[in-house]
Structure formats: C-alpha cells, structure tokens
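Student: No letters, just coordinates:
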C-alpha cells in the first residue's frame, strides 16, 4: 500500500550550497539521502515530497556542512501481508513468475499459481497448467495476494515478496473474466 | 568581556567554522581583497556579518 507520511530526518547542506535558498537546498539534500531507501517498518521511500518544518541548523566540529533537523512529507510503499495486488508478469522462470508491483518485484511460485499441476515451457518462457491448459507468460496482468514480506534494508534488491493466486477471485485477469462469464451463463441457464 | 557578545573561545570557534565553510566553497558575504579563507572569516567576524550564533547552556 502506498502511503503519504510525515517523517523526521536530518538534511546535510554542504558549504557550496549555503548560498542557495534554504528550502531548495534542504529538499535536494533530503531527496539524495532518503529516496529509494528501504526501511523494515516503513517500506521503501518512493519520493520525498518536500520539507515541512525546517529546524535549527547545527555546525559540527571539523565539518563544513550544516545539519538541519527536518520533518518532511514522503511517499512510502510497503507491501502489506494479505494485501491484494495487481501487476504485470515481468519474468518467467522454472520455479515461478516474477510480478512487478511497482517499487518491488514479487515472486509467484509455481505451487501458488493454480490448484493444478504446472509445467514450465522453456522455449516459449511460459507456465502451463496440466488440466485446463491455463497459461502464464511475460506481460500478462494478474491479481494476487501478498503472503510473505521480507525487506532487506542494506540490499533493497534482495527484498523478497511472496505471492499467491490459489484462491477464488485471484489469477490472470483473463481467467477471472472467463470464470465470471461462465458463472453468469450458469445462472441464466438456471433461470430458464 | 563587558559589552562583548562572544567570549574569545566562541569567537575562535565561529571564525574557525566560518573559515572552513568558505574554504569548502560557501559564498563570501563581504568584498574582500584577501584570498585566504581564514583572513576572510576574520574580516567577516569584525564586521559582524557571520550568520552563526552560539547556543549556551547555563549562564556565562
């Protein structure tokens, strides 16, 4: 879920930026320091929207920079457990599919795609189910649920997000449409 | 120290901090013939234009 949050931080203004308007310099410093930073409880800071309150500047011994205590607005994204997400498949591998959630990629393991047995078609880079021949390839849009979140602060790229589609209402959007139509047809037939 | 704003220690700290800033590329606030950051900082101190204050705890 994306959230707009008020955060506290410290902005370092280097001496060669002391002539710039304070707000501009603080915003630039905050963006440089905090954007794309991953925090275990917050998630990833997608964007610094701007400083809100700029406090006193402090000069430290032996350092030419000035340090301001700042509260600022930021756009933060954290995949929540049980959250429903929609995304595009960006890569198919033999153990599953990677789904782009925006700031992160999530893994949809083969065992979590359908209730059926799934085989991997290496030539076409697709995953195909055994009975109903449902297939999943790069570029497909799917709806899934987040079932595991492990964020890595030091190596944001190593963050792992686990997904599942084994539930009614989840899956590739085309399958869902198909299921809906089938259901509608079923109730119609019943009415007759 | 009657009538003076800062103690000599505070002056030294301010001038030192300011000289370092100037050395590292901060804009100079006065017209000065000097090119040595320390000299410029001293001159700024004399004119009282340095935008630095001292936070004291307790009374001096």
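Tutor: Cool, the structure landed. All values reported here derive from a predicted model rather than from experimental measurement. Residues are numbered from 1 along each chain as shown, chains lettered A, B, ... in the order given.

Student: For chain B, see how far away residue A:56 is.
Tutor: 8 Å (CB to the nearest CB, to the nearest Å). No exception for glycine: its C-beta is placed from N, CA and C like everyone else's.

Student: was I right about that residue contacting residue A:67?
Tutor: No. Using CB atoms under 8 Å, residue A:56 is not in contact with residue A:67; the gap is 9.4 Å.

Student: neighbour count winner among these two?
Tutor: A side-by-side neighbour count of residue A:56 and residue A:67, using other CB atoms under 10 Å in any protein chain shown, places residue A:67 first with 17 against 10.

Student: what helix or strand is the more buried one on?
Tutor: Assigned by DSSP states H and E, residue A:67 belongs to strand A:66-77.

Student: Pull the residues that contact that strand.
Tutor: The contact list for strand A:66-77 (CB atoms under 8 Å, 6 or more residues apart in numbering or on different chains) reads A:1-13, A:18, A:26, A:30, A:34, A:42-60, A:102-104.

Student: Going through these, which ones are buried?
Tutor: Burial by neighbour count, judged by 16 or more other CB atoms under 10 Å in any protein chain shown, picks out A:7, A:9, A:11-13, A:18, A:26, A:30, A:34, A:42-46, A:48-49, A:51, A:54, A:57, A:59, A:103-104 from those.

Student: Doesn't residue A:144 belong to a strand?
Tutor: Yes. Assessed with DSSP: H, G, I helix; E, B strand; the rest coil, residue A:144 lies in a strand.

Student: Does the helix or strand containing residue A:11 reach chain B?
Tutor: Under the criterion of DSSP H and E, residue A:11 resides in strand A:2-13. No. Strand A:2-13 lies out of reach of chain B by CB under 8 Å from any CB of the partner chain, never closer than 9.7 Å.

Student: who's in contact with that strand?
Tutor: For strand A:2-13, contacts defined as CB under 8 Å, 6+ apart pick out A:22, A:25-26, A:29-30, A:33-34, A:42-43, A:45-46, A:49, A:51-52, A:54, A:57, A:65-78.

Student: Stretch B:36-51 now?
Tutor: Counting by CB under 8 Å, 6+ apart, B:11, B:14-16, B:18-20, B:22-23, B:28-30, B:32, B:34 sit against stretch B:36-51.

Student: ok, now stretch A:17-28?
Tutor: A:11, A:13, A:29, A:48, A:50-51, A:54, A:66, A:68, A:70, B:21, B:26-27.

Student: Could you single out the nearest of the residues you listed to residue A:170?
Tutor: Nearest to residue A:170 among the contacts of stretch A:17-28 is residue A:48, at 34.0 Å by CB to CB.

Student: which residues touch that closest one?
Tutor: Applying CB under 8 Å, 6+ apart, one finds that residue A:48 lies in contact with A:27, A:30, A:31, A:34, A:35, A:72, A:73, A:74.
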